[in-house]
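S.K.: test case, fold it:
(one chain, ligands or ions: 1)
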Amino acid sequence: MPEQPMIEISRVTRSYGTFKALDETSLRINEGEFFSLLGPSGCGKTTLLRMIAGFDNPTSGTISVGGQPMVGVPANQRPTNMVFQSYAIFPHLNVEQNVAYGLKRLRLDPAEEKRRVEEALQQVSLTGLGKRGATELSGGQRQRVALARALVMRPKVLLLDEPLSALDKKLREQMQVELRRLQRAVGITFILVTHDQYEALAMSDRIAVMFGGRIAQVASPKEIYQRPVNCQVADFLGGMNFLKAGIAEESERSMTLDTPLFGRVKLDKPSAFVRNGNTATLGIRPERLRVLWEGESGKYEVAGKVVDRHYFGEITHLVVEIPGLEKPLAVSETNDFGADDLPIGAPIRLAYDPDALVALAD
Ligand code: ATP
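M.R.: The predicted structure is shown next:
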């Protein structure tokens with residue numbers, strides 16, 4: 001029998017009039033997982049998180065947490081706690097009082113309360129700042145207080161609604177590492193809502209990619225990035241070259257595609273592949289195309305011409321026109337060998353690995 005998931009979402013729909021913010025969504029999230037809900041603005045990820053927290057209810061469908069159906073259970077009686085984007089900490093209370101706030105209703109022994117507050121402050125690296133006023137904190141510190149305030153309640157599931165989006169890039173990246181470390185240390189289930197694909201890739205055990213109230217794919221970061229099920233997921237996760245391909249053969253697990261550029265290739269068929277006539281799309285990420293320098297040759301190569309170049313420090317993005325191909329290819333190359341100096345108009349050869357090609361549903 002499969003292990004009981006920590007969260008079980010079964011055919012949940014949330015309608016506003018005739019509009020469905022979530023449409024028959026089903027999902028299982030395991031105990032101890034760092035799970036992300038990723039998607040563009042308006043796809044329904046916050047709606048789903050709020051329903052797990054108990055701030056909103058499904059129009060139909062069910063949600064269970066830790067094996068318990070959550071219908072009719074108010075937010076403050078659920079084994080979940082939420083950290084908001086806005087932090088929602090009280091400005092008139094100091095750090096300690098903010099963290100202790102939710103504990104008050106448990107009427108703990110004062111020494112026990114103090115111990116739990118200190119433990120939570122230590123978990124988020126705020127030891128010694130307990131007496132500091134909430135208004136005397138940096139954005140990063142406020143974020144940690146919000147985390148400590150949720151953790152002190154010892155929830156089974158911590159829900160994080162875009163918790164890092166108000167921080168600048170450098171601090172955000174630092175907090176991503178810390179949040180992941182924290183999740184490993186406390187070992188509880190974290191569910192993160194984000195529209196930032198790099199954040200989801202860097203932090204998660206698994207990711208659900210959502211569009212228009214539906215889940216398009218649930219998989220590990222590597223699988224989502226390398227084996228997206230369709231063009232929409234592929235595009236949302238980063239740069240991808242898309243090439244129209246003819247379907248030569250199709251079986252349950254694989255398909256053979258004909259493309260002008262790569263010839264005939266046999267590929268794994270994505271699980272959600274929905275055939276639409278006799279064509280499919282072939283995808284290859286820009287970093288999976290490699291520049292061949294003079295004297296080098298590749299087992300599989302294509303020739304073209306550099307038509308544009310964008311410098312990004314450690315890498316350069318090249319735009320390469322290929323004879324007979326409607327759209328130029330995007331290529332991402334490290335600058336170790338001088339990709340940043342390639343002149344516009346220069347002839348160029350690119351190597352590719354057939355394993356880097358993916359078949360995508362249109
Ligand atoms: P964002 O990143 O912008 O918060 P999201 O993916 O979290 O986006 P949701 O907040 O879940 O999106 O909203 C999903 C859809 O439901 C949106 O189109 C939104 O306008 C709509 N929606 C949310 N709350 C309500 C409401 N109270 N009444 C009507 N429509 C709503």
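S.K.: now the helix ranked longest in the chain: mean pLDDT?
M.R.: Secondary structure of the chain read by DSSP state H shows that its longest helix is helix 169-186. Over the span of helix 169-186, the pLDDT mean works out to 91.
S.K.: residues of that helix that come out buried?
M.R.: 172, 175-176, 178-180, 182-183 (16 or more other CB atoms under 10 Å). For glycine as for every other residue, the C-beta is placed from the backbone atoms N, C-alpha and C.
S.K.: same thing with stretch 302-310?
M.R.: When burial is assessed from 16+ other CB under 10 Å, stretch 302-310 yields the following buried residues: 302, 304, 306, 309.
S.K.: hmm, back to that, which single one of the buried residues of helix 169-186 is nearest to residue 209?
M.R.: Each of these was scored against residue 209 by CB to CB, and residue 176 proved nearest at 18.4 Å.
S.K.: wait, what's in contact with the closest one?
M.R.: Residue 176 makes contacts with 164, 199, 202-203, as judged by CB atoms under 8 Å, 6 or more residues apart in numbering.
S.K.: before we move on, what about residue 173?
M.R.: Under the criterion of CB under 8 Å, 6+ apart, the contact list for residue 173 is empty.
S.K.: repeat for the one 10 residues further on
M.R.: Remark: with contacts taken as CB under 8 Å, 6+ apart, residue 183 is in contact with 34, 158, 190.
S.K.: quick check, the first one in contact with residue 188.
M.R.: No: using CB atoms under 8 Å as the test, residue 34 is too far from residue 188 to be in contact (9.8 Å).
S.K.: look at those two and report which has more neighbours.
M.R.: More neighbours sit around residue 34 than around the other of residue 34 and residue 188, counting by other CB atoms under 10 Å; the figures are 23 against 20.
S.K.: roughly how far apart are the more buried one and residue 125?
M.R.: Distance, residue 34 to residue 125, using CB to CB, to the nearest Å: 19 Å.
S.K.: also residue 56?
M.R.: Distance, residue 56 to residue 125, using CB to CB: 33 Å.
S.K.: and if you look at residue 241?
M.R.: In this structure, residue 241 lies at 42 Å from residue 125, with CB to CB as the measure.
S.K.: quick revisit: neighbour-wise, which of the contacts of residue 176 leads?
M.R.: Looking at the contacts of residue 176 with neighbours defined as other CB under 10 Å, the largest count falls to residue 203 at 24 neighbours.
S.K.: nearest spatial neighbour of that residue, chain-adjacent residues omitted?
M.R.: residue 180 (5.0 Å; CB to CB, 6 or more residues apart in numbering).
S.K.: same deal with residue 298?
M.R.: Take residue 298 and drop its neighbours on the chain: the residue closest to it by CB to CB, 6+ apart is residue 351, 2.9 Å away.
S.K.: again with residue 149
M.R.: residue 99 (5.1 Å).
S.K.: wait, a helix at that neighbour?
M.R.: Yes: per DSSP: H, G, I helix; E, B strand; the rest coil, residue 99 lies within a helix segment.
S.K.: per-residue pLDDT, it?
M.R.: At residue 99, the model reports a pLDDT of 93.
S.K.: next: residue 57.
M.R.: With respect to pLDDT, residue 57 has a value of 95.
S.K.: wait, doesn't it sit right on residue 73?
M.R.: No: at 10.2 Å, residue 57 and residue 73 do not qualify as touching, with contact defined as CB under 8 Å.
S.K.: separation between residue 161 and residue 46?
M.R.: Here residue 161 is placed at a distance of 6 Å from residue 46 (CB to CB).
S.K.: residue 13 now?
M.R.: In this structure, residue 13 and residue 46 are separated by 16 Å, where distance is defined by CB to CB.
S.K.: repeat for residue 120
M.R.: Between residue 120 and residue 46 the distance, using CB to CB, works out to 25 Å.
S.K.: and what of residue 274?
M.R.: Residue 274 sits at a distance of 28 Å from residue 46 (criterion: CB to CB).
S.K.: torsion angles phi and psi at the residue in the stretch 101-250 of the chain that the ligand sits nearest to?
M.R.: Relative to the ligand, the nearest point of the stretch 101-250 of the chain is residue 195 (5.2 Å; CB to the nearest ligand atom). Residue 195 has phi and psi values of phi -110, psi 10 when expressed as degrees, to the nearest 10.
S.K.: returning to that earlier point: identify the contacts common to residue 161 and residue 46.
M.R.: Contact with both residue 161 and residue 46 is made by residues residue 193, according to CB under 8 Å, 6+ apart.
S.K.: still on that earlier bit, for the residue of the stretch 101-250 of the chain closest to the ligand, give me its contacts.
M.R.: By CB under 8 Å, 6+ apart, the residues touching residue 195 are 38-41, 45, 162.
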